[in-house]
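Enquirer: Fold the following.
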Amino acid sequence: MPPRLFAPSSLLRPRFSPHRTLITCTRPRPAMPHNTHSPHSHPPPALALPTARHYSGASVRIVDVSARDGLQNEPTPVSLATKLELVRRLARCGLSHIEAGSFVSPYWVPAMATSKGVLEALVASDSTTSPTASSTAAATHTAAAAQTDAGTAKPIYSWLIPNLKGLAAFETVAPPPARHELAVFASASEGFSHKNTNCDIATSLSRLRAVVSAATARGYRVRGYVSMVIACPYSGPTPPSAVAAVTRALLEMGCYEVSLGDTNGVGTPRSVTALLRHLTQEAGVPVERLAAHWHDTYGMAIVNAAAALEMGVRVFDASVGGLGGCPYAKGATGNVAAEDLVWFLHGVGCDSGLSLEELARTGEWICGVLGRESGSRVGRALRGKRVLEEEKGEGREEGEGRTGPGRGEGEEEARL
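Expert: Below is the predicted model:
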């Protein structure tokens, strides 16, 4: 009997879960010598891809970071009026949380120099007792900030605060805690901590404790960020235990939520899953207290979002048009595009509460202002679809109004 060239069909048939599709099959691999560098020497666990049946109706919250993280790396600072218009358009998309600026040193991050003006304008636009703002800048731009469409739910605005000096500048405007919250950040890698905050992780966390304590005492909620959760360009791969230590420290000092930042976008589904498994199963961090902040440097942001979704994460940071980048992480590109993320989430059955069309239009607008193509594939596709429909509409109108051979008198002439 000749040798069998193929495995029986029963061994080649992929295994299916009723709730997810596995991208592995049971066909046996040929034996190979042990090699510690081989991709098969330690095979990763099967990655379960999200399906609409599995996530139908799951609520997901998007935190938009376009106005802060999205614009902080721009070589030419964006005007105050443009920032206010961006915030207004983002609110119209249905976003419940918008990161609107940061109170960092304008010397180090010039693009955020107008954050106080943005805050003043937003506070003034919400005021029902005083028609004027606390400064000339706010009074000048109140009208622009107040042009939110009727019926649009008012979002929570978030402001990045690096230290007590930034908190003092924020408090001079006295924004109401019901509409405004703060954010603090720390690095999980020593190299990036020194590069970004000019101190080690322990000193950074000590400074943040003072900020969080003062902010929460005044009634403000505080969100935490952890940078370089996968790897760092200065320190190499980041151990999950280091991420867990910083995450737990932020939660213990009073942050209600911690966003995990793949700052330079080097994560993969395997590394993201390993990190989240360590945080939730070994470090004891509740997944409900975590958010995902994926950059798209290597085109992995959406599949990393899928991995995080599979691990139970339901809060994601994003920016329209894929805007963003980090001044201290060379080569890092923008955040995951909000349009791409929402397209994916809606496609697997999740509910974001957002208008995809409005997000795409907003991304197209701000990228036009910045003089660049949108970094969102979905945004570009929707724009192409919209242009095609407009061209078809114009063609129909021209055809209905046209007279010539084959129509009216011209048709009679053609017959003769």
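
Enquirer: Report the beta-bridge partners for the residue most central in space within the chain.
Expert: Centroid-nearest residue in the chain, with Cα atoms, centre = their mean: Ala318, separated by 1.4 Å. Beta bridges link Ala318 to Asp64, judged by DSSP bridges.

Enquirer: So in terms of bridging, what pairs with the nearest residue to Arg289 once chain neighbours are set aside?
Expert: Once flanking residues are discounted, Arg289 sits nearest to Glu257: 5.6 Å by Cβ to Cβ, 6 or more residues apart in numbering. Placement of C-beta: from N, CA and C, glycine included. Listed beta-bridge partners, Glu257: Arg223 (assigned using DSSP bridges).

Enquirer: these two touch, right, Glu257 and Pro286?
Expert: No: counting by Cβ atoms under 8 Å, Glu257 does not reach Pro286; the two are 10.2 Å apart.

Enquirer: Other residues contacting stretch 366-373?
Expert: 66, 74, 78, 82, 86, 89, 320-321, 323, 374-375, 380 (Cβ atoms under 8 Å, 6 or more residues apart in numbering).

Enquirer: The same query, at a cut-off of 6 Å, please.
Expert: Contact with stretch 366-373 is made by 82, 86, 321, 374, as judged by Cβ atoms under 6 Å, 6 or more residues apart in numbering.

Enquirer: Select from those every entry located in helices.
Expert: Residues of the contacts of stretch 366-373 located in helices (DSSP state H): 82, 86.

Enquirer: could you redo the contacts of stretch 366-373 as a markdown table and give each row pLDDT?
Expert: A markdown table is the format used below for the contacts of stretch 366-373 (pLDDT from 0 to 100):
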| residue | pLDDT |
| --- | --- |
| Thr82 | 97 |
| Leu86 | 98 |
| Gly321 | 97 |
| Ser374 | 94 |
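
Enquirer: Going by distance to Pro110, which of the contacts of stretch 366-373 wins?
Expert: Of all those, Thr82 has the smallest distance to Pro110: 14.9 Å, by Cβ to Cβ.

Enquirer: what's the neighbour count on that closest one?
Expert: Counted with other Cβ atoms under 10 Å, the neighbours of Thr82 add up to 18.

Enquirer: Next, find the distance separating it from Ala274.
Expert: Applying Cβ to Cβ, to the nearest Å, the value for Thr82 to Ala274 is 40 Å.

Enquirer: what's the answer for Gly353, then?
Expert: 31 Å.

Enquirer: if we can go back for a sec, which one of Glu257 and Pro286 is surrounded by more residues?
Expert: Glu257 (20 against 10).

Enquirer: right, and the residue nearest to the centre of the chain touches Leu341 too?
Expert: Yes: if you go by Cβ atoms under 6 Å, Ala318 and Leu341 touch, sitting 4.8 Å apart.

Enquirer: which parts of stretch 289-308 are buried?
Expert: 289-297, 300-308 (16 or more other Cβ atoms under 10 Å).

Enquirer: ok, now stretch 345-357?
Expert: Residues 345, 348, 350, 352, 354, 356 are the ones in stretch 345-357 that count as buried (16+ other Cβ under 10 Å).

Enquirer: Low-confidence ranges, this structure, go.
Expert: 1-53, 128-153, 326-332, 394-416 (pLDDT under 70).

Enquirer: Now with 90, please.
Expert: Scanning the chain with the threshold set as pLDDT under 90 gives 1-57, 73-77, 107-108, 125-154, 196, 324-334, 386-416.

Enquirer: State the number of residues packed around Ala381.
Expert: 14.

Enquirer: Kindly report the same for His97.
Expert: His97: 18 neighbours (other Cβ under 10 Å).

Enquirer: if I look at the residue nearest to it when sequence neighbours are not counted, how far off is Ala100?
Expert: Spatially, and ignoring its direct neighbours in sequence, His97 is nearest to Val63 (4.4 Å; Cβ to Cβ, 6+ apart). Val63 sits 11 Å away from Ala100 when distances are taken as Cβ to Cβ.
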